[in-house]
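Enquirer: output the structure for:
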Amino acid sequence: MGRAGGGPRGIAARAGGWSAQHRWAAVGIWVLFVLLAMVAGSAAGRVELSESDQLSGETTQAARIAEEAGIDEPVGESVLMQARDGSVKATDPAFRKAVDEVMKAVEDTGEVSAVTSPYDSKSISRDGFSALVQFDVRGDPETAHERIEPVLDAVAGVQEKHKELRIEQIGGASMGKTFEEAFGKDFQRAEYSAVPVALGILLIAFGALVAALLPVLLAITAIMATMGLMGLASHLMPMGDSANSVMLLVGLAVGVDYCLFYLRREREERAAGRDGRTAILIAAATSGRAIVVSGVTVCVAMAGMLFTGIGEFESMGLASLIVVAVAMAGSVTVLPALLSLLGERVEKGRIPFLNRIKRGKNGGNGESRVWTRVLGGVLKRPLVSLLVATGALVAIALPAVGMKTQNFTLDQEFGDSLPIVATYDRLNEAFPGGADPAEVVVKADDINAAPVQQAIADFRERAVSSGASQGPVEVVKHDAENLAFVYVPLVGGSDQGKAEKSLTVLRDEVRPATLGKVDGLEAPITGQVAGSKDFNDQMAGAVAPVFAFVVVFAFGLMLLSFRSLTIAVTSIVLNLLSVGAAYGILTAVFQHGWGASLIGAEGVGAIISWLPLFLFVILFGLSMDYHVFVVSRIREAKLQGRGTREAITHGVVTTAGVVTSAAVIMVAVFAIFGTLSMQSMKQMGIGLAAAVLIDATVIRGVLLPAVMALLGERNWYFPKWLNWLPDLSHEEPAPPVAGRAPHRDDDGHREPVRV
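Expert: Numbers count the residues shown, from 1 in each chain. Below you'll find the model as predicted:
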């Protein structure tokens, strides 16, 4: 593994050699790094993503105005009161009595303020059978859901006395409490079960407890260190709640994968008769290098999220980038040290039954008999294999042409699994848009000036007369801050498309004709519908630059790492095929409903708006793990003097076991998230699991070898005019096992190496 006059080449090889020689120092440095990262992150604290950091545009402008004024809008709650059989109207004495009892019950809890009668706020439905009692929750809006239970109990008590009426509470706090109880444990169970699932699969893959624990240990320590580093990084870029979940998923996936690649190669070299140090050095220069190339490519892909301009995406991208970099560093430093320390003890805790199965399947040579047979058929008819596999993936991807994306309404996200969803629907039916009103934040030099007050009054009147709202339009003034909040229920209610049309009328017609005529007045319009529209618009604008950034940089890294224009191009095309197939599966299942009943996804009818870009970035990065690992092994075999097809066969079948194990772990972990009740999380889990499965089987087992077999020596084409580019292909071929016959080309002649 060395070269005359020096040691091994490449960062991974040098790091592995140093760590194996200074093993206690390497382990100590890693442990110290993890501890320091955790302590520093805890001491620095974490800056959470605020509403004004989420998006650009009007929603951010509105949040910024409120934050600068020091106004924390209280969480609003409503009690929907309706006659069950339509026999009692809101103006009837019995109904009025029930309203009075609700108002008194919620006031007596001491947890609410600004309790408003529907008779004062004109919050009575057009048919006269429904009314809204409205109030605010006292205290910090962020913790309102933790303090809302006494109010819910009070409302339930009134409901018990008035069976003839339907009395239901809904609002930000009550919905937050319901969702946290229903899905918080759901998420925790999914996250906690991911590690045992990965460990179980690794036990089957290695057949030894110690060997199975190493990848999990590396992934967990990388995640722990990243949690601390995220705290530090949040002072530069605030972190959103989703960043933790995405970081855990990505960290577990790449941490286990990288360690799996390295450990499997080291064991393979030991089985070939090499001593422990040589085996580690070979693994460092081959699998270690593949890990570095893959890790840098994944980091580049994750960095694509930083170009969206969306705070939640940027924090997810940064958290994912950090955990991949940490896992990559750990794989090429502390892992060789641990393998050197453990030596043969890495085989401790053997499971005899599993080892007998493995020996039977692999024949003791580390090659997969199943994939050997599959590959034999592929290489015998590469053109047919290419056409069939490509045709199948294109057919799977075709439904994605009509993909419809949107932010989910409450009933789309949760279906009818929660009673509060039915309340949400009833509220929107009785008071269109009342559940999610548009909010106009009016800022003026003097909010009480006559022109400003007249403009607000005109806005309220035109919002209804224009057809954008059926009212009532409410105004809450903050005289000291010279602000006013105008709440406008949008016609369309839970129908996102119709509600967005109403929003457009407010923004483009009503506002310019009223508030827009007052000089120096700001009036951005925000709210759930506005936030969804602004998010979708910004997401649509981010797609092209993010796709271009990820594809161009991934192409460049592959070009520099393999010194082959052909490998770089085919890598990008094959990865895009797997992403396209994942899009097609998502669209077919969740939008068109094909097989949706099998996974509890009936009636969704769309793809959550953030998922396509998120899937592209994550999948493009993770699929490079397999691609780099397999192609590196093929190139290594080529450097040793094997013929092209022999090198393809050797590279694919010797990596099939580790790629299969890694893919099964990822599919299992992602599939856990596919079992959650939230449709957005279900879509993410199913999309990721399907794409990884396709990538590890059809792409790496059929398309890649078929394409490389057809291209032959052109696989290694590198134009002379590109020789000025830096050479990052630093790996050296592993020395052949003693006694191995010289390798021949496909016609049986000894073949020179041209890589």
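Enquirer: strands of the stretch 501-650 of the chain, start to end?
Expert: Counting by DSSP state E, counting those that start in this stretch, one finds strands in the stretch 501-650 of the chain at the ranges 525-526, 607-608.
Enquirer: reformat the ones you listed as JSON lines; add distance to F431.
Expert: Bear in mind the C-beta positions are built from the backbone N, C-alpha and C, glycine included. Output for these, formatted as JSON lines (distance: least, Cβ to Cβ, whole Å):
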{"stretch": "strand 525-526", "distance to F431": "19"}
{"stretch": "strand 607-608", "distance to F431": "26"}
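Enquirer: quick check: buried residues in the longest helix anywhere in the chain?
Expert: If you go by DSSP state H, the chain has its longest helix at helix 528-562. For helix 528-562, the neighbour count (16 or more other Cβ atoms under 10 Å) marks 528-536, 538-539, 542, 546-547, 549-551, 553-554, 557-562 as buried.
Enquirer: over to stretch 500-514?
Expert: E500, S502, L503, V505, L506, R507, V510, R511, T514.
Enquirer: so what's the residue count around G603?
Expert: 13 (other Cβ atoms under 10 Å).
Enquirer: can you give me the distance of G70 to L483?
Expert: 10 Å (Cβ to Cβ, to the nearest Å).
Enquirer: how about A26?
Expert: For A26, the distance to L483 - Cβ to Cβ - is 58 Å.
Enquirer: ok, C299 next?
Expert: 43 Å.
Enquirer: got it, and A12?
Expert: For A12 relative to L483 (Cβ to Cβ), the value is 58 Å.
Enquirer: low-confidence ranges, this structure, go.
Expert: Applying pLDDT under 70 to the chain picks out residues 1-10, 51-55, 183-191, 352-368, 416-417, 434-435, 493-494, 727-755.
Enquirer: find the centremost residue of it, please.
Expert: V246 (5.0 Å; Cα atoms, centre = their mean).
Enquirer: and that one, helix, strand or coil?
Expert: helix (DSSP: H, G, I helix; E, B strand; the rest coil).
Enquirer: ok, now P74?
Expert: P74 ends up coil, using three-state DSSP.
Enquirer: dihedrals phi and psi, G641?
Expert: phi 110, psi 10 (degrees, to the nearest 10).
Enquirer: cool, and L80?
Expert: phi -80, psi 130.
Enquirer: ok, it - how many residues close by?
Expert: 23.
Enquirer: just the one 5 residues further on next, same as before
Expert: Around D85 there are 9 other residues, counting by other Cβ under 10 Å.
Enquirer: apart from its neighbours in sequence, what residue is nearest it?
Expert: E164 (7.5 Å; Cβ to Cβ, 6 or more residues apart in numbering).
Enquirer: as a quick check, tell me the outermost residue of the chain.
Expert: P93 (53.3 Å).
Enquirer: return the distance of that residue relative to F535.
Expert: 47 Å.
Enquirer: contacts for stretch 401-413?
Expert: In this structure, residues lying in contact with stretch 401-413 by Cβ atoms under 8 Å, 6 or more residues apart in numbering are 175, 421, 424-425, 435, 494, 496, 531-532, 535-536, 583, 586-587, 591, 603-609, 611-612, 678-680.
Enquirer: ah, wrong one, I meant stretch 160-168
Expert: Under Cβ under 8 Å, 6+ apart, the answer for stretch 160-168 is 79-85, 87-88, 94-95, 98, 101-102, 155, 158-159, 423, 426.
Enquirer: L586 and M227, how far apart?
Expert: To M227, L586 is 30 Å away according to Cβ to Cβ.
Enquirer: how about the helices in the stretch 501-650 of the chain?
Expert: Here the stretch 501-650 of the chain has its helices, by DSSP state H, counting those that start in this stretch, at 511-513, 528-562, 565-586, 611-639, 644-673.
Enquirer: mind putting those helices in JSON lines, distance to G288 included?
Expert: What follows is the helices of the stretch 501-650 of the chain, written out as JSON lines (distance: least, Cβ to Cβ, whole Å):
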{"stretch": "helix 511-513", "distance to G288": "60"}
{"stretch": "helix 528-562", "distance to G288": "13"}
{"stretch": "helix 565-586", "distance to G288": "19"}
{"stretch": "helix 611-639", "distance to G288": "10"}
{"stretch": "helix 644-673", "distance to G288": "14"}
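Enquirer: which one of the ones you listed lies nearest to S385?
Expert: Closest approach to S385 among the helices of the stretch 501-650 of the chain (Cβ to Cβ): helix 644-673, 12.2 Å.
Enquirer: and the next helix or strand past that closest one?
Expert: helix 679-694 (DSSP states H and E).
Enquirer: quick one: that following helix to helix 611-639, angle?
Expert: Orientation check (axes from the mean of the first three to the mean of the last three Cα atoms, to 10 degrees): helix 679-694 against helix 611-639 gives 20 degrees.
Enquirer: and helix 679-694, what does it pack against?
Expert: Packed against helix 679-694, as judged by 3 or more Cβ pairs under 8 Å, 6 or more residues apart in numbering; DSSP states H and E, are the following elements: helix 410-414, helix 565-586, strand 607-608, helix 611-639, helix 644-673.
Enquirer: Throw these into a markdown table and include distance to V346 and mean neighbour count, thanks.
Expert: Converted to a markdown table, the helices and strands packed on helix 679-694 look like this (distance: least, Cβ to Cβ, whole Å; neighbours: other Cβ atoms under 10 Å):
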| stretch | distance to V346 | mean neighbour count |
| --- | --- | --- |
| helix 410-414 | 46 | 20 |
| helix 565-586 | 32 | 21 |
| strand 607-608 | 43 | 24 |
| helix 611-639 | 20 | 25 |
| helix 644-673 | 15 | 23 |
